[in-house]
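S.K.: no sequence for this one, just the structure:
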């Protein structure tokens with residue numbers, strides 16, 4: 001399992017629209033091969049700042065699969081007009097701590 005962590009910055013006046021569009025666009029994401037689950041978190045201190053967490057079966061399901069698919073283009077076209085900056089994405093794997 002790999003965790004995609006994406007920092008998203010939305011124009012503050014577009015937050016409500018972004019959240020609504022994100023809910024609708026989530027259907028695109030949930031149908032992607034290798035998708036497991038996702039969450040969206042809104043920053044308490046900074047207007048327009050969000051953190052999206054997506055669990056994938058593997059990094060290739062995200063990078064080579066979803067990101068290169070027509071579904072990704074549809075995902076981006078719904079959300080991109082509301083963004084204030086290019087989203088920043090990194091991938092993480094779990095480290096056993098016990």
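M.R.: All right, it came through fine. Fair warning: this is a prediction, and the values are worked out from it, not measured in the lab.
S.K.: For the nearest residue to residue 66 once chain neighbours are set aside, identify the helix or strand it belongs to.
M.R.: Sequence neighbours aside, residue 32 is the residue nearest to residue 66 in space, at 4.4 Å (criterion: Cβ to Cβ, 6 or more residues apart in numbering). The way it works is simple: take the backbone N, C-alpha and C, and place the C-beta from them, glycine included. Using DSSP states H and E, residue 32 is not contained in any helix or strand.
S.K.: And residue 37, by the same measure?
M.R.: Assigned by DSSP H and E, residue 37 falls within strand 35-42.
S.K.: Figure out how far that strand is from the centre of its chain.
M.R.: Relative to the chain's own centre, strand 35-42 is displaced by 7 Å; criterion: Cα atoms, centre = their mean, to the nearest Å.
S.K.: Does anything pack onto it? Which helices or strands?
M.R.: helix 15-30, strand 49-56 (3 or more Cβ pairs under 8 Å, 6 or more residues apart in numbering; DSSP states H and E).
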